[in-house]
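**Student:** Attaching a predicted model along with its sequence, questions to come.
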Amino acid sequence: MRVIEGYREGRELRRAVRRGTQLLPASGTADDFVEALARSRSRELRILETDLRGNSPSGAWIPTSQRDYFLVPAGASPTRRRAVLCHEAAHVLLGHDPALHASLTPALLQALAPTLRLTTSSRLIRRTGYSDRQEAAAERVATLLAASFDDHARAREWGRSSTLSARLR
């Protein structure tokens, strides 16, 4: 049974990576990637920068009845921001049910993101974290998506330099 589960899990990971790489924007920005993900789901998705520290997670996916939110650390470097957004997007691409990190209580969420209306779905409030297996899968997909961002940037740069070389000939 373990072989079958491993095969199914591998297939799901490959499908999530393929779907995610198809959404990579020409701009190469993580914010535009999130917009493309939202369009693909026909569901608004907003990025909220917030003060995540202490034992809080480094990011979170919070669906509400109107839209979804990705929480990212305020002041994160562009590389860290992209990593967090790719990780949260990976949960979406893998079809995971949204789950709160145990430290993100409704009161803390209200303090972190006061503009967020906490009309979250009841399944989110009930779930207090992803399993280790789900987190590992999301991290694998996120790592491959982040690498794809770099690959796309190198391909764009190569394309620009090739065009310049052709003009110089």
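**Tutor:** Received it, and whenever you're ready, just let me know what you need.
**Student:** What's the local residue count around Gly95?
**Tutor:** Number of residues near Gly95 (other C-beta atoms under 10 Å) recorded here: 9. For glycine as for every other residue, the C-beta is placed from the backbone atoms N, C-alpha and C.
**Student:** By mean pLDDT, flag the weakest helix or strand of this structure.
**Tutor:** Across the helices and strands of the chain, mean confidence by mean pLDDT, DSSP states H and E is lowest for helix 122-126: a mean of 46.
**Student:** Break down this protein into its strands, ranges please.
**Tutor:** Counting by DSSP state E, the chain has strands at residues 45-50, 60-63, 68-73.
**Student:** for the first one, packing partners?
**Tutor:** Of the remaining helices and strands, those touching strand 45-50 by 3 or more C-beta pairs under 8 Å, 6 or more residues apart in numbering; DSSP states H and E are helix 30-41, strand 68-73.
**Student:** As TSV, the strands of the chain with mean neighbour count, distance to Asp32 and mean pLDDT would be great.
**Tutor:** Formatted as TSV, the strands of the chain follow (neighbours: other C-beta atoms under 10 Å; distance: least, C-beta to C-beta, whole Å; pLDDT from 0 to 100):
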stretch	mean neighbour count	distance to Asp32	mean pLDDT
strand 45-50	17	11	90
strand 60-63	22	18	84
strand 68-73	23	13	89
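**Student:** Take those strands and write them to TSV, including distance to Ala146.
**Tutor:** Supplementary listing: the strands of the chain in TSV, determined by distance: least, C-beta to C-beta, whole Å:
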stretch	distance to Ala146
strand 45-50	16
strand 60-63	17
strand 68-73	14
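**Student:** Out of the ones you listed, which is closest to Arg8?
**Tutor:** Among these, strand 60-63 comes nearest to Arg8, with 22.9 Å by C-beta to C-beta.
**Student:** List the strands paired with that closest one, with their directions.
**Tutor:** strand 68-73 (antiparallel) (DSSP bridges).
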